[in-house]
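[1] Curious how this folds, go ahead:
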Amino acid sequence: MTATAEVVVWVSLSLVAYCYFAYPLLIWACSRLFGRRASAAHCAEPDLPIVSILIAAHNEERWIRERIENALKQDYPHERLEIVVASDGSRDATVEIVNSFAGHPVRVLDFHENRGKATVLNAAVLGAKGSVIVFSDANTFFEPAAIRELVSWFADPRIGCVCGRLVLTDPEKGRNVDSLYWKYETFMKKCESRLGALLGANGAIYALRKEDYVAIPSNTLVDDFVIPLVSKMKNGKAIVYDERAVAWEECPPEIGDEFRRRSRIGAGGFQAMLRLWPLLSPVGGWIALSFFSHKVLRWLSPFFLIVALAANLFCLDSPLYAGLFAGQIVFYLVSAVGAVVPGRGALGKLVRLPTMFTSMNLALLVGFWNWISGQQRGVWQRTVR
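    Reported below is the predicted structural model:
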């Protein structure tokens with residue numbers, strides 16, 4: 001029993017360590033040895049396609065006017081650009097604000113019933129005029145050159161989806177507050193993109209050919225992850241990351257908002273894992289490695305952590321395992337302290353690293369419960385992010 005428990009402890013902790021620490025090093029090394037730095041082709045002005053910026057909105061009166069004004073400032077010919085706001089059962093002034101932009105390439109698709117973002121996206125893509133759809137959110141703002149940067153990739157018929165770079169800002173001061181975790185995720189996006197193994201996109205800024213769009217189930221929870229990948233599974237075209245196509249978005253002001261967002265993403269991850277399992281086939285090459293290491297193991301990490309702690313209880317007679325158990329308890333206690341102390345200064349930020357890790361895994365656990373119990377539905381309620 002003790003020997004089995006010891007094996008379980010080390011296997012569980014090793015899998016967590018691999019997906020969070022060893023995999024980023026592995027994918028970096030592979031991207032340098034085997035990857036290639038792709039570049040977008042120059043697209044002459046007469047060849048620029050018609051683009052539809054698609055913004056799914058639910059009760060977004062706070063942001064929607066500023067969002068449309070930002071979209072209209074894009075360095076892209078207005079005669080080849082349309083801004084489509086798909087209102088999913090909004091009960092505020094969202095539709096009225098959009099309609100006030102008469103005379104501009106702006107229109108609203110007013111869906112009176114709140115059916116969920118996935119259903120609205122499926123309908124809105126069909127009604128879009130553009131041959132390229134740029135997906136975005138109501139509280140996201142583009143740099144002026146963002147659309148040109150995204151669109152330039154589609155001169156290559158092998159490219160199916162382009163993911164832009166999302167920069168997070170402080171809601172009070174507007175400063176760039178990219179967290180260590182966000183930089184870590186962006187780093188892996190770059191590496192995976194070089195290997196043709198990018199997984200999904202940033203919902204705030206990504207582009208897809210309309211002809212490559214595949215309708216997603218109405219209860220889909222993480223559309224920006226599923227849409228690019230189901231398109232890739234059907235069409236075999238590459239998903240690339242372009243850090244020059246920049247969008248800005250505010251961080252949630254409250255920790256609770258971020259936790260709810262992460263738990264929803266967690267629920268969507270477990271849902272997507274069942275739908276996208278063919279990506280795990282070894283014939284998929286690099287994308288099979290990235291999907292298993294970056295996503296599947298990440299989503300399962302809360303269970304590995306719980307199993308490691310529980311198995312550790314069966315081998316406390318050994319000083320090594322008693323110390324390992326104590327180390328895990330201390331780590332979670334520090335995480336709890338980090339949740340209540342200010343994050344200012346080097347020490348505060350250091351203490352908050354275990355908090356970030358633990359809260360992320362707790363959110364995944366909550367997300368799993370919400371998904372398996374059917375509490376997490378596709379019909380959305382707006383959140384800060």
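
[2] Only C-alpha atoms from now on, for both contacts and neighbour counts.
    Noted.

[3] Give me the contact list for stretch 278-286.
    Residues outside stretch 278-286 that contact it (C-alpha atoms under 8 Å, 6 or more residues apart in numbering): 195-197, 233, 287-289, 291-292.

[4] Now list the buried members of those residues.
    Neighbour counting with 16 or more other C-alpha atoms under 10 Å marks 195-197, 287-289, 291-292 as buried within the contacts of stretch 278-286.

[5] coming back round to it: can you add distance to Asp317 and secondary structure and give the contacts of stretch 278-286 back as JSON lines?
    Converted to JSON lines, the contacts of stretch 278-286 look like this (distance: C-alpha to C-alpha, whole Å; DSSP: H, G, I helix; E, B strand; the rest coil):
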{"residue": "Leu195", "distance to Asp317": "46", "secondary structure": "coil"}
{"residue": "Gly196", "distance to Asp317": "48", "secondary structure": "coil"}
{"residue": "Ala197", "distance to Asp317": "45", "secondary structure": "coil"}
{"residue": "Met233", "distance to Asp317": "50", "secondary structure": "helix"}
{"residue": "Ile287", "distance to Asp317": "43", "secondary structure": "helix"}
{"residue": "Ala288", "distance to Asp317": "40", "secondary structure": "helix"}
{"residue": "Leu289", "distance to Asp317": "38", "secondary structure": "helix"}
{"residue": "Phe291", "distance to Asp317": "38", "secondary structure": "helix"}
{"residue": "Phe292", "distance to Asp317": "35", "secondary structure": "helix"}
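
[6] Switch those residues over to a markdown table; also include distance to Leu280 and pLDDT.
    Formatted as a markdown table, these follow (distance: C-alpha to C-alpha, whole Å; pLDDT from 0 to 100):
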| residue | distance to Leu280 | pLDDT |
| --- | --- | --- |
| Leu195 | 16 | 93 |
| Gly196 | 15 | 91 |
| Ala197 | 12 | 93 |
| Met233 | 12 | 92 |
| Ile287 | 8 | 94 |
| Ala288 | 5 | 95 |
| Leu289 | 7 | 95 |
| Phe291 | 7 | 96 |
| Phe292 | 7 | 96 |
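
[7] right, and out of these, which lies closest to Pro302?
    Phe292 (15.5 Å; C-alpha to C-alpha).

[8] Just give the closest residue to the closest one, not the sequence neighbours.
    Excluding the flanking residues, the one nearest Phe292 by C-alpha to C-alpha, 6 or more residues apart in numbering is Leu280, at 6.5 Å.

[9] Can you show me the strands along the stretch 51-200 of the chain?
    Secondary structure of the stretch 51-200 of the chain, counting by DSSP state E, counting those that start in this stretch: strands at 51-57, 81-88, 106-111, 132-136, 140-142, 159-169.

[10] do you know which of those strands lies nearest Ala22?
    Going by C-alpha to C-alpha, the one of these nearest Ala22 is strand 159-169, 24.1 Å.

[11] Figure out how far that closest one is from the centre of its chain.
    Here the centre of mass of C-alpha atoms in strand 159-169, compared against the chain's by C-alpha atoms, centre = their mean, to the nearest Å, lies 10 Å away.

[12] what's it packed up against?
    Applying 3 or more C-alpha pairs under 8 Å, 6 or more residues apart in numbering; DSSP states H and E, one finds that strand 159-169 contacts helix 146-152, strand 205-209, helix 223-235, strand 238-250.

[13] Run through the neighbouring helices and strands of the first one.
    Secondary-structure packing of helix 146-152 (3+ C-alpha pairs under 8 Å, 6+ apart): strand 159-169, strand 205-209, strand 238-250.

[14] Now do that helix, average pLDDT.
    Helix 146-152 shows a mean pLDDT of 94.

[15] okay, the buried ones among the contacts of stretch 278-286 in JSON lines with distance to Gly35 next?
    Converted to JSON lines, these look like this (distance: C-alpha to C-alpha, whole Å):
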{"residue": "Leu195", "distance to Gly35": "5"}
{"residue": "Gly196", "distance to Gly35": "8"}
{"residue": "Ala197", "distance to Gly35": "10"}
{"residue": "Ile287", "distance to Gly35": "12"}
{"residue": "Ala288", "distance to Gly35": "15"}
{"residue": "Leu289", "distance to Gly35": "14"}
{"residue": "Phe291", "distance to Gly35": "17"}
{"residue": "Phe292", "distance to Gly35": "19"}
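
[16] deepest of the helices and strands packed on strand 159-169, which one?
    strand 205-209 (a mean of 26; mean count of other C-alpha atoms under 10 Å).

[17] Work out the sheet partners of that strand and label each with its direction, please.
    Strand 205-209 has its sheet partners listed here by DSSP bridges as strand 132-136 (antiparallel), strand 159-169 (antiparallel).

[18] Switch the ones you listed over to TSV; also include mean neighbour count.
    Listed next are these as TSV, based on neighbours: other C-alpha atoms under 10 Å:
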stretch	mean neighbour count
strand 132-136	25
strand 159-169	24
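
[19] Any regions of the stretch 251-385 of the chain where pLDDT drops low?
    Within the stretch 251-385 of the chain, the ranges that satisfy pLDDT under 70 run 252-257, 342-349, 376-385.

[20] do that again at 50, thanks
    By pLDDT under 50, the weakly predicted segments of the stretch 251-385 of the chain are 385.

[21] Test my guess that Val240 contacts Cys191.
    No: when contacts are counted by C-alpha atoms under 8 Å, Val240 is not listed as touching Cys191 (10.4 Å).
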